[in-house]
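Engineer: Coordinates for the following, if possible.
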Amino acid sequence: MRVTQARWTELGGWLPEVNQWPGRSVNVVFLFGSTAALRREDLMATLRGSAPGAVFFGCSTAGEIQNAEVRDDTLSATFVEFEYSRAAFRAVPVADGVASRVAGSELAGKIDPAGLRHVIVLCDGLRVNGTELVRGLRDSLPAGTPVTGGLAADGDRFQETLVVSGESARSGLATALALYGDRLHAACGSMGGWDQFGPERLVTRSSGNVLYELDSKSALALYKLYLGDHSVDLPASGLLFPLGIRSDHKGRIVVRTILGVNEAEQSLTFAGDIPEGWYARLMRANFDRLIDGATGAARAGVEKLGAVAPDLALLISCVGRKRILKQRVEEEIEAVREVLGDRAAIAGFYSYGEIAPFAAGTACELHNQTMTVTTLREE
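Structural biologist: The predicted model follows:
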C-alpha cells in the first residue's frame with residue numbers, strides 16, 4: 001500500500017501541487033473538509049481529474065486531521081494505492097433518524113460478504129440516528145465483520161453535514177467503504193477519558209435519541225442546572241458535558257453527545273439512543289485522561305497488526321474533545337503518532353459520533369467523545 005497526502009487551504013491552494021499527486025493508480029481518496037470546501041466544484045473537479053476511477057470517500061468535519069496537524073476550513077486528501085487489495089463504495093439515502101435502522105440494513109445488504117476484511121462507515125451527522133444505523137448494520141452484515149467509522153460534522157454550528165458520494169458531497173447519506181483482500185490487515189481501538197460527576201439518574205422518559213425526563217424531571221432543566229452559565233450556549237456547550245449511560249448500575253458506560261435542544265418540549269436530542277430504564281450521569285473532561293485515551297486507542301489499533309507498523313491510520317475523534325483540548329488538540333494526535341511510529345500516514349477528522357467495537361472481537365457500537373483509530377496494512 002502506498003499513501004500520498006495533499007491539503008488545500010484558501011490562502012495556499014493545494015500543497016503539494018497537483019502535478020506531484022500519484023494519478024491513475026489511486027484506488028481510494030479519503031476526503032475530509034469543511035462544508036464550504038466540499039461544495040466547491042473546482043476543488044472536486046481537480047480531485048476527480050487527478051484520480052480517474054478512484055473511489056472518493058469522506059465527509060464534512062469539525063476539524064481535519066492530517067499527520068500530526070489539526071486544521072479547520074481546509075480540504076484534506078489522502079490518496080491510497082493498493083497493491084493486493086480492493087475497495088468497493090456503497091451509499092444509501094437516510095431521510096431522518098426514524099429511518100436510520102432500515103438504512104443501515106440496506107447499506108449492509110449492498111456489501112458483498114465474500115472476502116470482506118473491514119467496513120468503514122460515514123454518515124450524515126445530524127439526520128442520522130447513529131445507534132439505529134449501527135443496529136441495522138449489525139443485523140445484516142455477517143457476524144464478526146469489523147466496522148469502524150463516524151458521523152459527519154459541521155464544526156460547532158450543527159446546521160448541515162455533508163457526505164461524499166461520487167462526484168459531489170450532500171446531506172442525508174450513509175456510505176460504506178468495503179475493503180477486501182487476504183493480504184490486507186485491519187485493526188481498531190476506541191477509548192475516551194471522561195470523568196463522571198453528579199448523581200446517577202434513571203431515564204424515565206425518552207424516545208429514540210430524544211431525552212425528555214431523568215428521575216421524572218425535565219432533562220433539559222437538569223442539564224441547565226448543572227451547566228450553569230454554560231447553558232446559554234446549548235447545544236454547543238453540551239459538547240463539554242456529555243452524558244454517560246448504561247443499562248444497569250454495573251453495565252458498561254456508553255457516552256452520548258448533545259446535538260440539539262427543544263425548549264418547547266424541554267428535551268435534548270443526542271447523537272445516539274437514550275433508552276428508557278437505563279441510568280445516566282453527566283460527564284466532564286479530564287485533560288490527562290483524554291490524552292491517555294488517545295494513546296490507548298492507538299495501542300489497541302496496532303496490537304492486532306503485530307510487529308509491523310501500519311501503512312495508514314484513520315483517526316476519528318469527537319468535536320467535544322477538540323473543544324476541551326483547544327490549542328492543545330494536536331497533543332492527542334501526537335500521542336497517537338508516538339504509538340504508531342513514523343511509517344504510518346495519518347488521516348481523519350473530528351466528528352459528531354464514532355463507530356467502533358468496544359474491544360477486539362465485539363460488535364460495533366456508536367460512541368461519542370472518543371478517539372477511534374483504524375489501522376490498515378498490506379503485506
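Engineer: tell me the contacts of A345?
Structural biologist: V3, Q5, N67, T78, D311, L312, A313 (CB atoms under 8 Å, 6 or more residues apart in numbering). C-beta: built from backbone N, CA, C; applies to glycine.
Engineer: one more time with 7 Å
Structural biologist: For A345, the contact set (CB atoms under 7 Å, 6 or more residues apart in numbering) comprises V3, Q5, T78, D311, L312.
Engineer: Could I get the contacting residues of the last one?
Structural biologist: Read that as L312. Applying CB under 7 Å, 6+ apart to L312 gives the contacts M1, V3, V80, A344, A345, A347, L376.
Engineer: As TSV, those with distance to L259 and secondary structure would be great.
Structural biologist: Shown next, in TSV, are those (distance: CB to CB, whole Å; DSSP: H, G, I helix; E, B strand; the rest coil):
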residue	distance to L259	secondary structure
M1	35	coil
V3	33	strand
V80	31	strand
A344	32	coil
A345	31	strand
A347	25	strand
L376	30	strand
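Engineer: Nearest to A51 among these?
Structural biologist: V80 (9.9 Å; CB to CB).
Engineer: And that closest one, how close does it get to E265?
Structural biologist: Noted for V80: a distance of 45 Å to E265, by CB to CB, to the nearest Å.
Engineer: Quick one: low-confidence residue ranges for this protein.
Structural biologist: In the predicted model of the chain, residues 307, 359-361 satisfy pLDDT under 70.
Engineer: Between the contacts of A345, which sits nearest G228?
Structural biologist: Distance to G228 across these (CB to CB) is lowest for T78, with 41.4 Å.
Engineer: So which elements touch the helix or strand where the closest one lies?
Structural biologist: In this structure, T78 sits in strand 75-81 according to DSSP states H and E. Strand 75-81 makes packing contacts with strand 2-9, strand 28-33, strand 345-351 when contacts are defined by 3 or more CB pairs under 7 Å, 6 or more residues apart in numbering; DSSP states H and E.
Engineer: For that strand, enumerate its sheet partners and note whether each is parallel or antiparallel.
Structural biologist: Partner strands and pairing direction for strand 75-81 (DSSP bridges) are strand 2-9 (antiparallel), strand 28-33 (antiparallel).
Engineer: Adding distance to S317 and mean neighbour count, write these out as TSV.
Structural biologist: As requested, the strands paired with strand 75-81 are arranged in TSV below (distance: least, CB to CB, whole Å; neighbours: other CB atoms under 10 Å):
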stretch	distance to S317	mean neighbour count
strand 2-9	18	18
strand 28-33	12	26
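Engineer: Need these in TSV (columns: distance to R299).
Structural biologist: Listed next are the strands paired with strand 75-81 as TSV, based on distance: least, CB to CB, whole Å:
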stretch	distance to R299
strand 2-9	21
strand 28-33	23
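Engineer: Compare V80 and E265 (neighbour count), which wins?
Structural biologist: Legend: neighbour count by other CB atoms under 10 Å for V80 and E265, higher for V80 (27 against 12).
Engineer: Grab the most central residue of the chain for me.
Structural biologist: G150 (2.4 Å; CA atoms, centre = their mean).
Engineer: now it: how far from R90?
Structural biologist: G150 sits 17 Å away from R90, going by CB to CB.
Engineer: try E200
Structural biologist: Applying CB to CB to E200 and R90 gives a distance of 40 Å.
Engineer: the more surrounded of those two?
Structural biologist: In terms of neighbours (other CB under 10 Å), R90 is the more surrounded of E200 and R90; the figures are 19 against 15.
Engineer: okay but the more buried one is in contact with I111, surely?
Structural biologist: Yes: R90 is in contact with I111 according to CB atoms under 7 Å; the separation is 5.8 Å.
Engineer: re earlier: okay, and the residue nearest to the centre of the chain sits in which element?
Structural biologist: If you go by DSSP H and E, G150 is part of strand 147-151.
Engineer: So G115 sits against Y180, correct?
Structural biologist: Yes: at 4.7 Å, G115 and Y180 qualify as touching, with contact defined as CB under 7 Å.
Engineer: neighbour count winner among those two?
Structural biologist: Just comparing G115 and Y180: by other CB under 10 Å the higher neighbour count belongs to Y180, 17 against 13.
Engineer: In contact with the more buried one: list those residues for me.
Structural biologist: Y180 neighbours (CB under 7 Å, 6+ apart): S85, R86, G115, L116, R117.
Engineer: Can you add secondary structure and give those residues back as CSV?
Structural biologist: Formatted as CSV, the contacts of Y180 follow (DSSP: H, G, I helix; E, B strand; the rest coil):
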residue, secondary structure
S85, coil
R86, strand
G115, coil
L116, strand
R117, strand
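Engineer: and the strand holding G150, how far out from the chain's middle?
Structural biologist: 5 Å (CA atoms, centre = their mean, to the nearest Å).
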